[in-house]
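>>> Sequence first, predicted model second:
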Amino acid sequence: MLVASYKSISNGYAQLTKQFSNWQTVFLVLLAIVVNLLITSFFSFVLFPGHKAGPVTEPDIYFFLTIFILAPFLETYFVQRGIINYILKKWPTELLMACLISSLVFAAFHYYSIPYILKTFLSGFIYGTLYISVKQKEQNAFLATLIAHAVFNGLGFCITLLLRS
């Protein structure tokens, strides 16, 4: 029964990513950013108000370059591109499994606290779904996911600066 449930959910996920692959890439990127902002807001203001986990450092140019360029590039390259492509090369129909595993690894990279890990698991799932959907369009899934991740991180950086002033 558990296997049948997974297969049903997996088939639904495959249909969802196929549907997304019919949408414009720029819209998918914007959607990923907006949904990620909504999830972050829900975690920050509803589920865990007052929770202050995440990277702790002074918001300077080095931190900005790290979270806006370096981290999104490395995480997208190794987590979404690397893991998802590897799994799909071995098991081409396992879209959901590829996304879930990449999301778990993405979350593990953000081990600041349990709430932060849960939130970044969902972010990883959004980025993985974006990657798979754009890959099905035979467009540059790496670039689309990198842009969504970098813009989200950049917005977070700007919001942090505004809240500190």
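That came through fine. All of these numbers come straight from a predicted model, not from anything done at the bench.
>>> From now on I want contacts and neighbour counts done on CA atoms only, so please keep to that.
OK.
>>> Flag the shaky bits of the chain, pLDDT-wise.
Along the chain, the model assigns pLDDT under 70 to residues 53-57, 165.
>>> residue ranges of the helices in it, please?
2-20, 25-42, 61-65, 71-75, 85-90, 95-108, 114-136, 141-164 (DSSP state H).
>>> residues of the third one that come out buried?
Just to be clear, that refers to helix 61-65. Burial within helix 61-65, assessed by neighbour count using 16 or more other C-alpha atoms under 10 Å, is assigned to 63-64.
>>> Alpha carbons of it, in CSV - could you do that?
Coordinates of each C-alpha in helix 61-65 appear next as CSV, following Å, rounded to 0.1, in the frame of the first residue of the first chain:
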residue,chain,number,x,y,z
ILE,A,61,30.0,43.1,0.7
TYR,A,62,31.7,39.8,1.3
PHE,A,63,28.6,38.3,2.9
PHE,A,64,26.5,39.7,0.1
LEU,A,65,28.7,38.2,-2.6
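>>> circling back to that earlier point, compare the helices of the chain and give me the one nearest Phe48.
Phe48 sits nearest to helix 114-136 of all these, at 7.4 Å, using C-alpha to C-alpha.
>>> coming back round to it: and the helices of the chain as TSV, adding distance to Phe48?
Shown next, in TSV, are those (distance: least, C-alpha to C-alpha, whole Å):
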stretch	distance to Phe48
helix 2-20	29
helix 25-42	8
helix 61-65	25
helix 71-75	25
helix 85-90	34
helix 95-108	17
helix 114-136	7
helix 141-164	17
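>>> Out of those helices, which one sits most buried?
Stretch with highest mean neighbour count among those: helix 114-136 (a mean of 23; mean count of other C-alpha atoms under 10 Å).
>>> quick one: that helix to helix 95-108, angle?
If you take axes from the mean of the first three to the mean of the last three C-alpha atoms, to 10 degrees, helix 114-136 sits at 140 degrees to helix 95-108.
>>> Which other helices and strands does helix 114-136 contact?
Applying 3 or more C-alpha pairs under 8 Å, 6 or more residues apart in numbering; DSSP states H and E, one finds that helix 114-136 contacts helix 2-20, helix 25-42, helix 95-108, helix 141-164.
>>> what's next to that helix, contact-wise?
Residues outside helix 114-136 that contact it (C-alpha atoms under 8 Å, 6 or more residues apart in numbering): 17-18, 20-21, 25, 28-29, 32, 35-36, 39-40, 43, 48, 53-54, 80-81, 84, 95, 99-100, 102-104, 106-108, 110-111, 140-142, 144-145, 148-149.
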